[in-house]
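Colleague: What follows is a protein structure lacking sequence information:
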């Protein structure tokens, strides 16, 4: 860590706020130690279950700890959240309306890879090292060896895609990584007792008809460890992982609880977490994409029906162009053109688009207002 940032972390007897467990390593001595002390390993467990705080803590460790001198393992979990990779499109990866209804936040991490659902039944492990020591296969070995040691009956194997499969086909862990000029981190999920019904409900597209070069997720059947090892508790799992991390890398680190909300220990993490919450990062960093969507319209008074077509080009989450092809006998071309014009320059976002369209609707007669309202609703629904 930079020499002018030396913060001490109170140790005492470690007990995990993340997973409610003690480690099997010798308890840390009373007093305090510096996070950038002697060479060797460091195991940290985050007290936070806020996805933005924990992602910001990852980046803080990568930027501030001297990873040329030591390895770090960070253990963390989150309240329900969906996390997409740096180069992904949220509209194709997750069900945004369902997430809003359930109060599930969306976060974009700084590493690549696919979309994952987090909840308190999913453990996240982040392995930090120098870029030279970066070895994803060895990191996954820590997990598979730990599981084999405590549950020899489990058939767990790492794949060429750096996933971990149970019984040859059920995914229990996925990976992503980030490499900087001198440092690296590799993070993995590990499904212990996640809500699989919630996972399947939120990990489905919001919007059809998107064409994009964004990185797509690869769907896989998933399983929880608890389904196949019903007696496996958090405490035992955490103890095994910390023990195996120390054994694999010849470290002797005891687990240390840390709180990313503590600015005295992690200055700047709060600001970094706020940046990760911003629309400009979560949605605005989406690679450029186009939308071609068929809109079904219906006039409830006359039972008249028609189909319209929406075509939009979206860059930085903002509509650069928008074309609405609506039959002239349903809506005057003047109005469909005005509607298209109002949307250009707006975020591809239902709330902003609805607000922009409301002024246009108020200026028309009742019958046209109804049809314009139906068209606006159809357009907004495309945006998730």
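Modeller: All right, it came through fine. Note that this is a predicted model, so its numbers are computed, not measured.

Colleague: From now on I want contacts and neighbour counts done on CA atoms only, so please keep to that.
Modeller: Will do.

Colleague: how about the nearest residue to residue 240 once chain neighbours are set aside, phi and psi?
Modeller: Spatial nearest neighbour of residue 240, chain neighbours left out: residue 146 (5.3 Å); criterion: Cα to Cα, 6 or more residues apart in numbering. Phi and psi for residue 146, reported as degrees, to the nearest 10, are phi -60, psi -40.

Colleague: need the contact list for residue 146.
Modeller: Counting by Cα atoms under 8 Å, 6 or more residues apart in numbering, residue 146 makes contact with 240-241, 243-244.

Colleague: Could you tell me how far it is located from residue 45?
Modeller: 18 Å (Cα to Cα, to the nearest Å).

Colleague: quick one: the helices in the stretch 251-384 of the chain?
Modeller: 269-277, 279-282, 333-343, 350-362, 366-382 (DSSP state H, counting those that start in this stretch).

Colleague: cool, and the stretch 1-150 of the chain?
Modeller: 51-64, 90-93, 96-102, 136-150.

Colleague: which one of those helices lies closest to residue 128?
Modeller: The closest of the helices of the stretch 1-150 of the chain to residue 128 is helix 51-64. By Cα to Cα, the value is 7.1 Å.

Colleague: in this protein, which helix or strand is least confident?
Modeller: strand 8-10 (a mean of 35; mean pLDDT, DSSP states H and E).

Colleague: For the stretch 201-350 of the chain, give me the ranges with low pLDDT.
Modeller: Applying pLDDT under 70 to the stretch 201-350 of the chain flags residues 300-303.

Colleague: Domain ranges for this structure, per the record?
Modeller: 8-280, 289-382 (automatic domain parsing).

Colleague: Tell me which of the ones you listed sits most buried.
Modeller: Among those, domain 8-280 has the highest mean neighbour count (mean count of other Cα atoms under 10 Å), at a mean of 19.

Colleague: hmm, back to that, using CSV, lay out the helices of the stretch 1-150 of the chain together with distance to residue 339 and mean pLDDT.
Modeller: Below are those laid out as CSV (distance: least, Cα to Cα, whole Å; pLDDT from 0 to 100):
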stretch, distance to residue 339, mean pLDDT
helix 51-64, 36, 98
helix 90-93, 22, 97
helix 96-102, 23, 96
helix 136-150, 50, 98
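
Colleague: In JSON lines: these, plus distance to residue 109.
Modeller: Formatted as JSON lines, the helices of the stretch 1-150 of the chain follow (distance: least, Cα to Cα, whole Å):
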{"stretch": "helix 51-64", "distance to residue 109": "7"}
{"stretch": "helix 90-93", "distance to residue 109": "12"}
{"stretch": "helix 96-102", "distance to residue 109": "17"}
{"stretch": "helix 136-150", "distance to residue 109": "18"}
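
Colleague: Now residue 110. Nearest residue, chain neighbours left out?
Modeller: residue 86 is the one closest to residue 110 (Cα to Cα, 6+ apart), at 5.1 Å.

Colleague: close enough to count as contact, that neighbour and residue 112?
Modeller: Yes - using Cα atoms under 8 Å, residue 86 makes contact with residue 112 at a distance of 5.0 Å.

Colleague: before we move on, back to that, how about the helices of the stretch 251-384 of the chain, which one is nearest residue 159?
Modeller: Here helix 279-282 is closest among the helices of the stretch 251-384 of the chain (Cα to Cα), at 29.5 Å.

Colleague: contact partners of the closest one?
Modeller: Against helix 279-282 from outside (Cα under 8 Å, 6+ apart): 106-108, 275-276, 316-317.

Colleague: okay, these in CSV with distance to residue 258 next?
Modeller: Listed next are those as CSV, based on distance: Cα to Cα, whole Å:
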residue, distance to residue 258
106, 24
107, 21
108, 23
275, 21
276, 20
316, 35
317, 35
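
Colleague: Does residue 187 touch residue 123 like I think?
Modeller: No - under the criterion of Cα under 8 Å, residue 187 is not in contact with residue 123, lying 10.4 Å apart.

Colleague: Please name the spatially closest residue to the residue most central in space within the chain (chain neighbours excluded).
Modeller: Nearest to the geometric centre of the chain sits residue 83, at 1.0 Å (Cα atoms, centre = their mean). Closest residue to residue 83 apart from its sequence neighbours, by Cα to Cα, 6+ apart: residue 107 at 4.8 Å.

Colleague: surely that neighbour meets residue 86?
Modeller: No - using Cα under 8 Å, residue 107 is not in contact with residue 86, being 9.7 Å away.

Colleague: returning to that earlier point: closest one to residue 375 out of the contacts of residue 146, please.
Modeller: residue 241 (54.3 Å).

Colleague: hang on, isn't the closest one packed against residue 143?
Modeller: Yes - assessed by Cα under 8 Å, residue 241 is found in contact with residue 143 at 6.3 Å.

Colleague: Return every residue with contacts to both of these two.
Modeller: Common neighbours of residue 241 and residue 143, using Cα under 8 Å, 6+ apart, do not exist here.

Colleague: thinking again about what came up before, residue contacts, the residue nearest to residue 83?
Modeller: Counting by Cα under 8 Å, 6+ apart, residue 107 touches 51-52, 81-84, 276-277, 282.

Colleague: mind checking how far it is from residue 115?
Modeller: Residue 107 is 10 Å from residue 115, by Cα to Cα.

Colleague: Pull up the overlap in contacts between the two.
Modeller: 82-84.

Colleague: What is the nearest of those to residue 287?
Modeller: Nearest member of these to residue 287, counting by Cα to Cα, is residue 84, at 12.7 Å.

Colleague: residues contacting that closest one?
Modeller: 90, 93, 106-109, 113-116 are the contacts of residue 84 under Cα under 8 Å, 6+ apart.
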